[in-house]
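J.: Whatever this is, show me its structure:
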Amino acid sequence: MKGLRAHPPLRDALAGVFEEVDRAAVEHGLAPLGPRLVSDDPPGGRDLAEGPPGTAQLALFGASLSVHRALCAAGRVPERLLAVSFGEIPALVAAGCYTVLDGARIALRLGQLLHDCPGGLTLLGAGEESAHALVRTAGVALGPSPERVVVACVNDSHETVLAGPLPALARVEKLAHERGLPATRLRLPFLSHHPSLGRTASAFAAFVATLSARPPLLPVHSAVAQGVHGPGTDLPAALAHCLTRPARLPETLRRAAPGPALLLEAGTGGALTRNARHIVPGALARAPLADPGFDWSPHPVPVPHPGAVG
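T.: All right, here's what the predicted structure looks like:
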């Protein structure tokens with residue numbers, strides 16, 4: 001989160017966004033995040049994860065939306081948005097479907113619900129077919145749904161994310177290491193993108209349905225829906241599907257950017273940018289917050305681009 005205070009456009013955007021985000025925090029008895037993020041010693045991901053449930057999700061939502069707003073202020077206004085997993089929430093806010101305050105409420109509620117979903121996620125250095133084969137060989141593909149390991153995200157042709165209970169994930173990771181495949185447990189103490197989370201997804205959809213929603217002002221390409229959110233999309237259901245269905249980036253990105261395009265990642269890292277370069281060789285993909293050399297100065301003429309929020 002340290003990069004958020006490095007450039008004036010980012011600081012200005014962060015101040016406006018977290019004025020609303022912190023209203024949601026205070027509603028639930030959490031300390032305001034904005035002042036901490038622009039302090040001389042901003043919290044890291046581990047610090048946020050150790051806070052009350054929902055703290056990390058609030059920070060990630062606010063940071064992603066702040067990057068998006070700073071890019072717009074610099075003349076880099078997106079033609080369309082690419083939403084991946086949690087990125088559905090800031091993407092829908094950026095598209096005008098929800099207010100910043102309601103987007104923060106959605107992110108916070110999701111974090112609270114996920115806190116009660118034991119399990120984990122593992123980043124695997126293998127494509128989807130190889131991941132399925134590894135899971136079958138490890139013997140964790142059978143049995144009741146909660147005991148299964150499933151492919152949660154397809155990042156590119158050589159990288160997937162697995163979701164499942166911790167003992168089962170450990171078996172798959174052990175087999176992966178024996179075969180020389182990278183397997184890294186993500187520092188997220190919960191399950192997601194898993195079919196066993198049906199009840200949690202229903203509770204999440206019911207909460208989102210209490211908030212006012214508007215049709216998107218620009219296309220939102222969803223890696224979970226494998227389509228474009230438009231005026232007819234059931235947004236509460238679409239957000240809830242992120243808990244139970246996989247996210248597939250390659251097909252979604254190719255549809256969102258079928259030709260030459262500038263891809264800018266509106267998030268706190270650069271993972272999506274790395275994946276985009278693998279999926280679309282030669283694509284001009286950049287992660288502004290993770291790139292110290294990114295030019296944040298205003299452009300006299302808006303530069304449209306597909307924006308990646310996630």
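J.: So which residues of the stretch 151-300 of the chain form helices?
T.: 166-178, 198-208, 235-244, 249-256, 271-279 (DSSP state H, counting those that start in this stretch).
J.: most packed of those helices?
T.: helix 235-244 (a mean of 22; mean count of other Cβ atoms under 10 Å). Bear in mind the C-beta positions are built from the backbone N, C-alpha and C, glycine included.
J.: what sits against Ala285?
T.: Residues in contact with Ala285 (Cβ atoms under 8 Å, 6 or more residues apart in numbering) are Leu262, Leu263, Leu264, Glu265, Thr273, Ala276, Arg277, Ala308.
J.: From Pro35, how far off is the residue lying closest to Leu101 once chain neighbours are set aside?
T.: Closest residue to Leu101 apart from its sequence neighbours, by Cβ to Cβ, 6 or more residues apart in numbering: Glu20 at 4.6 Å. Plainly put, Glu20 is 14 Å away from Pro35 if you go by Cβ to Cβ, to the nearest Å.
J.: who has more neighbours, these two?
T.: More crowded of Glu20 and Pro35, by other Cβ atoms under 10 Å: Glu20, with 19 against 12.
J.: In PDB, could you pull the C-alpha coordinates for stretch 116-134?
T.: The C-alpha trace of stretch 116-134 is given here as PDB (Å, rounded to 0.1, in the frame of the first residue of the first chain):
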ATOM      1  CA  ASP A 116     -16.200 -17.800   8.400                       C
ATOM      2  CA  CYS A 117     -15.200 -19.900   5.400                       C
ATOM      3  CA  PRO A 118     -12.200 -22.000   6.500                       C
ATOM      4  CA  GLY A 119      -9.900 -23.300   3.800                       C
ATOM      5  CA  GLY A 120      -7.300 -21.800   1.500                       C
ATOM      6  CA  LEU A 121      -6.000 -20.900  -1.900                       C
ATOM      7  CA  THR A 122      -2.800 -22.200  -3.600                       C
ATOM      8  CA  LEU A 123      -1.100 -20.600  -6.600                       C
ATOM      9  CA  LEU A 124       0.100 -23.400  -8.900                       C
ATOM     10  CA  GLY A 125       2.600 -23.000 -11.700                       C
ATOM     11  CA  ALA A 126       0.600 -25.200 -14.100                       C
ATOM     12  CA  GLY A 127      -2.200 -24.800 -16.600                       C
ATOM     13  CA  GLU A 128      -5.700 -25.800 -16.000                       C
ATOM     14  CA  GLU A 129      -5.500 -29.400 -17.400                       C
ATOM     15  CA  SER A 130      -2.300 -30.100 -15.500                       C
ATOM     16  CA  ALA A 131      -3.900 -28.700 -12.400                       C
ATOM     17  CA  HIS A 132      -6.900 -31.100 -12.700                       C
ATOM     18  CA  ALA A 133      -4.600 -34.000 -13.300                       C
ATOM     19  CA  LEU A 134      -2.500 -33.200 -10.300                       C
END
